[in-house]
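Peer 1: What follows is a protein structure lacking sequence information:
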């Protein structure tokens, strides 16, 4: 039988257990997917710790790629042998899984399976952030926190391709160099520089139309001070913990600011939205304007080790679990 990572109780990385699982035949609308790689993301940590509760037991992981092994009789969109990828349905830390066919996208020949596993969730998240939540345009100056992370590196490149000036926060000089090499015009090492003061200096006091923040508690309030009047605060992650509650009046005091907490799955809820987001992502990857940097690889059975590295901020770029 195939193996998968299973979580029977929420907690630290040690709750990730490597177990045999039984995978049956596809039900209506489903395919059986033999995975070759799975992406690893902070949302997996939120599921594991119970911050985003899931019914127990469960298999974590929300993005992956592989080859279709079997299809239900009513499935026509994909066929056995197709290379496919997905972002969304939980259950990715598995050698073999069942998944709804309408959540899969077929991979172009120019996109490798590992590249897709690393890019689907993060890449479509960047599409959501830069093209849907706040449509970045040429001439904008924007701030991206965790600019050397998986989402951050993709966002820096994509924003640069759109003609934006990119400011990014990073944890050390090596990460600053990595972010700069991927389109970040002004990397700020937050451990020794005040990013609010740096934003003021770089923009000559004009501040920013948008801040993209996946860090959370450590950066949230100071990020509000980086925004120009009627600017948009986009909070989409909690790497340092959830932000403290905010009184609506604070947004008024700081310039009639907008605050949103987007999640990708609300932006690719329909098949046309999914196909548009994936299509634009694959186009950026194939053109070379966005390159996915897989910086860490762990065997699927070593998912706990990967989680420790991610939570310890010892990773940069994208991380994949190989099957």
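Peer 2: Received the coordinates, thanks. This one's a predicted model, so the numbers in the text were calculated from it and none came from an experiment.
Peer 1: Kindly state the domain boundaries assigned to this structure.
Peer 2: Domain assignment of the chain by automatic domain parsing yields the ranges 3-120+273-322, 138-261.
Peer 1: In CSV: these, plus mean pLDDT.
Peer 2: Formatted as CSV, those follow (pLDDT from 0 to 100):
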stretch, mean pLDDT
domain 3-120+273-322, 94
domain 138-261, 96
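Peer 1: wait, isn't residue 21 in contact with residue 5?
Peer 2: No: contact between residue 21 and residue 5 fails when scored by CB atoms under 8 Å: they sit 9.6 Å apart. C-beta: built from backbone N, CA, C; applies to glycine.
Peer 1: if you count what's nearby, which of the two comes out ahead?
Peer 2: residue 5 (29 against 15; other CB atoms under 10 Å).
Peer 1: just checking, that one is part of a strand?
Peer 2: Yes: Residue 5 sits within a strand when classified using DSSP: H, G, I helix; E, B strand; the rest coil.
Peer 1: can you tell me the helix or strand for the closest residue to residue 127 other than its chain neighbours?
Peer 2: Of all residues not flanking residue 127 in the chain, residue 277 sits nearest, at 4.8 Å (CB to CB, 6 or more residues apart in numbering). When elements are assigned from DSSP states H and E, residue 277 belongs to helix 271-287.
Peer 1: chain center to that helix: distance?
Peer 2: Put simply, helix 271-287 sits 15 Å off its chain's centre (CA atoms, centre = their mean, to the nearest Å).
Peer 1: Show me what the helix or strand following it is packed up against.
Peer 2: Once the chain leaves helix 271-287, the next helix or strand it forms, by DSSP H and E, is strand 294-299. With contacts taken as 3 or more CB pairs under 8 Å, 6 or more residues apart in numbering; DSSP states H and E, strand 294-299 sits against helix 113-127, helix 303-311, strand 318-322.
Peer 1: Neighbouring strands - and their directions - for strand 294-299?
Peer 2: Paired neighbours of strand 294-299 in the sheet (DSSP bridges): strand 318-322 (parallel).
Peer 1: Run the angle between the partner strand and strand 3-7 for me.
Peer 2: Relative orientation of strand 318-322 and strand 3-7, computed by axes from the mean of the first three to the mean of the last three CA atoms, to 10 degrees: 120 degrees.
Peer 1: And the helices in the stretch 1-150 of the chain?
Peer 2: Using DSSP state H, counting those that start in this stretch, the helices of the stretch 1-150 of the chain run over 42-49, 113-127, 150-161.
Peer 1: I'd like the ones you listed written out as a markdown table, with distance to residue 82 and mean neighbour count added.
Peer 2: Below are the helices of the stretch 1-150 of the chain laid out as a markdown table (distance: least, CB to CB, whole Å; neighbours: other CB atoms under 10 Å):
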| stretch | distance to residue 82 | mean neighbour count |
| --- | --- | --- |
| helix 42-49 | 25 | 21 |
| helix 113-127 | 12 | 27 |
| helix 150-161 | 25 | 26 |
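Peer 1: now those helices as a markdown table including distance to residue 202?
Peer 2: A markdown table is the format used below for the helices of the stretch 1-150 of the chain (distance: least, CB to CB, whole Å):
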| stretch | distance to residue 202 |
| --- | --- |
| helix 42-49 | 27 |
| helix 113-127 | 22 |
| helix 150-161 | 15 |
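Peer 1: The ones you listed: which one's closest to residue 272?
Peer 2: Of all those, helix 113-127 sits nearest to residue 272, with 13.7 Å by CB to CB.
Peer 1: Counting by contacts, list what the closest one packs against.
Peer 2: strand 30-39, strand 63-71, strand 83-87, helix 150-161, helix 264-267, helix 271-287, strand 294-299, strand 318-322.
Peer 1: Okay then, goodbye and thanks.
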